[in-house]
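[1] sequence isn't available, so here's the structure alone:
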Ligand code: AMP
Ligand code: GLY
C-alpha cells in the first residue's frame, strides 16, 4: 500500500513510523525536512503543505492508495478535498467536516443544536460590549478566538487572565485583531477539573477510541505560564488515566459519537482522526474542544504502542469501512510518557535557527523513542524552528518507569532547549489524583 503523509511534525513522524511498521510504503510531503520522516520515506518532497493543488499534483504521479493529511492547518486549507476530488481517499476530514476544529463557534453551535451532552455555557460575540456583559454574567470564564491559533489563543480567568476586567480586554483584542482569522470571540464558563484527551478512528459513522492521554498545555513546571501546543503527555497501561474512571472514558466516546452523527446530519462526512479534549470535573465530563486530527504530542503516546495494522485501519477510515477493519486496531498494555524538548523562549520568543544535537543512538539505547518536530536538517546539521523541537517518549509497564526512561534519553540532547521535568512524575500524578478526589468528594455543581 502506498500511503501519502502530509505534514512534518513529531505527530507526523509517529504516524509515518506506524505506517512503515504495518508494511506501508511511505510518501511524505513536508514543509521542512523532518530527518526522521526523510529516513523512513520511500520518497519525499519539500513544498507548501497548505496548497491543495501542489499536494495533489505531487500525489498524482505516484499511485497513492490512501492519504493522511495530518495537521490542522492542512485540513483547514482543503488538502483532503483536493485529494479526494482526484481519487485519493483520505484519513483526514474534508474542510466542511474539519470545521469542528477550525471554527470553534461552529463546534459549540453544533453541540447546542444537536443537544450533545458535555457542552459548557457559552456565548459567541462580534461586539466587545456584549461580550463584556456576558463575562459579567458568568464570572469566571475562558475567552477564545473562533479560528485556529495553534492552541495558544485561549485564556482563562485565574490562569492567564487575572480577572473579569482582563477577560474583557482580551475579548476586545481578539475582535479588533481578528485573531485566528475569524472576527468573533467565544466566552465560555470556566470548567474546573482534570483534562484528558481521547483520540479515535472515524469513518463517517463508526468511532473507535484509542487509549486516554493527558497533555500538559502550560509552558512551565507545575502548570504555570502561557499555553503551548503541548509540552508533553502520558498514558497508562490500562488505557485509562490514574484519575479517570472507565465511565468518564465511555462518556467522552459517547460525546464524540454524537458529534460525528450530528456532523453527518449536516452533510459533513467525517473521515479521519477525531480528537476530543475533555474536562473530568465534579459534574462528570465536559467537552473543552474538538480537533480534527491526532493530537501533538498525544499521537506519539498512542501510536508508539499501536500493535495492529495501522495501514488497514487508515484504509477503513478513508473508505468508510472501519467496521470491517476493527480487528486491525489494537494497543499494547503499556504506559508511555512523552516530553517535548522546546527552544529556549518558547512559546513567546523561541530561539529559532539554533544548532541542536540529539544523539539518536543513545536515546534509542536507553529504550526511548525520538520524534523530530519543528526542526530543519541542513547539511546534516539540525536547527530549531519556531515551535517545539522534538518529542522523546519512554514506554514501560508503569508511568513512573516510562518517565525515568524519557528523562534518561533527554540527557542525550544538546542545545538551547528546555522541557518540563515534572511531566509523568509520581509527584504530579498524585497531585492530579488528589485534585480529582477532592472535586468529586465535594459533589454539588
Ligand atoms: P483549546 O485550544 O480549546 O484546547 O484550549 C486550550 C486550553 O485552554 C485547554 O486545554 C484548557 O486547558 C483551557 N480551556 C479551554 N476552554 C476552557 C474552559 N471552558 N474552561 C477552562 N479551561 C479551558
Ligand atoms: N496537544 C494538543 C493538540 O494537539 O491540540
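    Now that the structure is in, tell me what you want to look at. From a predicted model like this one, the values you see are computed outputs, not experimental measurements. Numbers count the residues shown, from 1 in each chain. Ligands and ions are numbered 1, 2, ... in the order given.
[2] stretch 54-74 near ligand 2 anywhere?
    No - contact of stretch 54-74 with ligand 2 (CB under 6 Å from any ligand atom) is absent, the minimum separation being 7.6 Å. Using the backbone N, CA and C atoms, a C-beta is placed for each residue, glycine as well.
[3] average pLDDT for that stretch?
    Taken as a whole, stretch 54-74 has an average pLDDT of 97.
[4] for stretch 121-136, same thing?
    Here the average pLDDT along stretch 121-136 is 97.
[5] who touches it?
    105, 108-109, 112, 138, 141, 143, 146, 164, 167-168, 171-172, 175-176, 183-189 (CB atoms under 8 Å, 6 or more residues apart in numbering).
[6] now do the buried residues in that stretch.
    By 16 or more other CB atoms under 10 Å, the buried positions in stretch 121-136 come out as 122-125, 128, 131-132, 134-135.
[7] check the contacts of stretch 121-136 against ligand 1, which are close?
    Within the contacts of stretch 121-136, those near ligand 1 by CB under 6 Å from any ligand atom are residue 188.
[8] need the buried ones from the contacts of stretch 121-136 selected in ChimeraX.
    Of the contacts of stretch 121-136, the buried ones can be selected in ChimeraX as follows, counting by 16+ other CB under 10 Å:
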select :105,108,138,141,143,146,164,167,168,171,172,175,184,185,186,187,188,189
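[9] still on that earlier bit, which of the buried residues of stretch 121-136 fall within helices?
    Among the buried residues of stretch 121-136, the members found in helices (DSSP state H) are 128, 131-132, 134-135.
[10] who's in contact with the closest residue to residue 331 other than its chain neighbours?
    Spatial nearest neighbour of residue 331, excluding adjacent residues (CB to CB, 6 or more residues apart in numbering): residue 305 at 5.1 Å. Residues in contact with residue 305 (CB under 8 Å, 6+ apart) are 211, 235, 331-332, 334, 336, 395.
[11] now the buried members of the residues you listed.
    Using 16+ other CB under 10 Å, the buried ones in the contacts of residue 305 are 211, 235, 331, 334, 336, 395.
[12] just the ones in strands from the residues you listed, please.
    In strands, judged by DSSP state E, the following of those are found: 235, 336, 395.
[13] can you pull up the bridge partners for residue 30?
    residue 46 (DSSP bridges).
[14] that one against residue 9, yeah?
    No - using CB atoms under 8 Å, residue 30 and residue 9 do not qualify as a contacting pair, with a distance of 9.4 Å.
[15] of these two, who's got more company?
    More crowded of residue 30 and residue 9, by other CB atoms under 10 Å: residue 9, with 28 against 20.
[16] and the more buried one, what is it in contact with?
    34, 70-71, 296, 373-374, 387-388.
[17] rerun that using 6 Å as the cut-off
    The contact partners of residue 9, by CB atoms under 6 Å, 6 or more residues apart in numbering, come to 296, 373.
[18] now swap in the one 10 residues further on and tell me
    When contacts are counted by CB under 6 Å, 6+ apart, residue 19 touches 3, 26, 310-311.
[19] which among the ones in strands among the buried ones among the contacts of residue 305 gets closest to ligand 2?
    Here the nearest of these to ligand 2, counting by CB to the nearest ligand atom, is residue 235; it sits at 12.8 Å.
[20] sec struct for the residue most central in space within the chain, please.
    Nearest to the mean C-alpha position of the chain, by CA atoms, centre = their mean, lies residue 295 at 1.9 Å. Put simply, residue 295 is coil when judged by DSSP: H, G, I helix; E, B strand; the rest coil.
[21] verify the contact between it and residue 277 for me.
    No - when contacts are counted by CB atoms under 6 Å, residue 295 is not listed as touching residue 277 (8.3 Å).
[22] re earlier: what's the closest of the ones in strands among the buried ones among the contacts of residue 305 to residue 316?
    Closest to residue 316 out of those is residue 235 (22.8 Å), distances taken as CB to CB.
[23] tell me the bridge partners for the closest one.
    According to DSSP bridges, beta-bridge pairing links residue 235 with residue 336.
[24] residues of stretch 51-58 that come out buried?
    Quick answer for stretch 51-58 (16+ other CB under 10 Å): 52, 54-56, 58.
[25] secondary structure class for residue 274?
    Residue 274 - assigned by three-state DSSP - is strand.
[26] pull the contacting residues for it.
    200, 202, 256.
[27] does stretch 117-125 reach ligand 1?
    Yes - counting by CB under 6 Å from any ligand atom, ligand 1 is contacted by stretch 117-125 at residue 120.
[28] confidence score at residue 317?
    For residue 317, the predicted pLDDT is 98.
[29] tell me the one of the ones in strands among the buried ones among the contacts of residue 305 nearest ligand 1?
    Scanning those for proximity to ligand 1, where the rule is CB to the nearest ligand atom, the winner is residue 235, at 16.7 Å.
[30] tell me if stretch 164-182 is near ligand 2.
    No - contact of stretch 164-182 with ligand 2 (CB under 6 Å from any ligand atom) is absent, the minimum separation being 13.9 Å.
[31] which strands and helices sit next to the longest helix seen in the chain?
    For the chain, the helix with the greatest residue count under DSSP H is helix 246-265. Helix 246-265 is packed against strand 194-203, strand 207-209, strand 271-281, strand 284-291, with contacts defined by 3 or more CB pairs under 6 Å, 6 or more residues apart in numbering; DSSP states H and E.
[32] closest to residue 413 out of the ones you listed?
    Closest among the helices and strands packed on helix 246-265, once you apply CB to CB, is strand 194-203, at 25.0 Å.
[33] can you give the distance of that closest one from its chain's centre?
    Using CA atoms, centre = their mean, to the nearest Å, the mean C-alpha position of strand 194-203 is found 9 Å from that of the whole chain.
[34] low-confidence bits of the stretch 201-350 of the chain, can you list those?
    Across the stretch 201-350 of the chain, nothing is flagged by pLDDT under 70.
[35] I should have written the stretch 1-150 of the chain there, sorry.
    For the stretch 1-150 of the chain (pLDDT under 70), the answer is none.
[36] show me where it has its strands.
    2-6, 25-30, 43-46, 66-69, 122-125, 141-145 (DSSP state E, counting those that start in this stretch).
[37] repeat for the stretch 301-445 of the chain
    Counting by DSSP E, counting those that start in this stretch, the strands of the stretch 301-445 of the chain are 335-343, 355-358, 368-372, 375-378, 381-384, 390-396, 413-414, 417-418.
[38] for these, which has the smallest mean pLDDT value?
    Across these, strand 375-378 gives the lowest mean pLDDT, at a mean of 89.
[39] who does that one pair up with?
    Strand pairing for strand 375-378, using DSSP bridges, gives strand 381-384 (antiparallel).
[40] buried sites along the strand it pairs with?
    Buried residues in strand 381-384 (16+ other CB under 10 Å): 382-384.
[41] ligand 2: which of those residues is nearest?
    residue 384 (19.4 Å).
[42] list the contacts for that closest one?
    343, 352, 354, 356 are the contacts of residue 384 under CB under 6 Å, 6+ apart.
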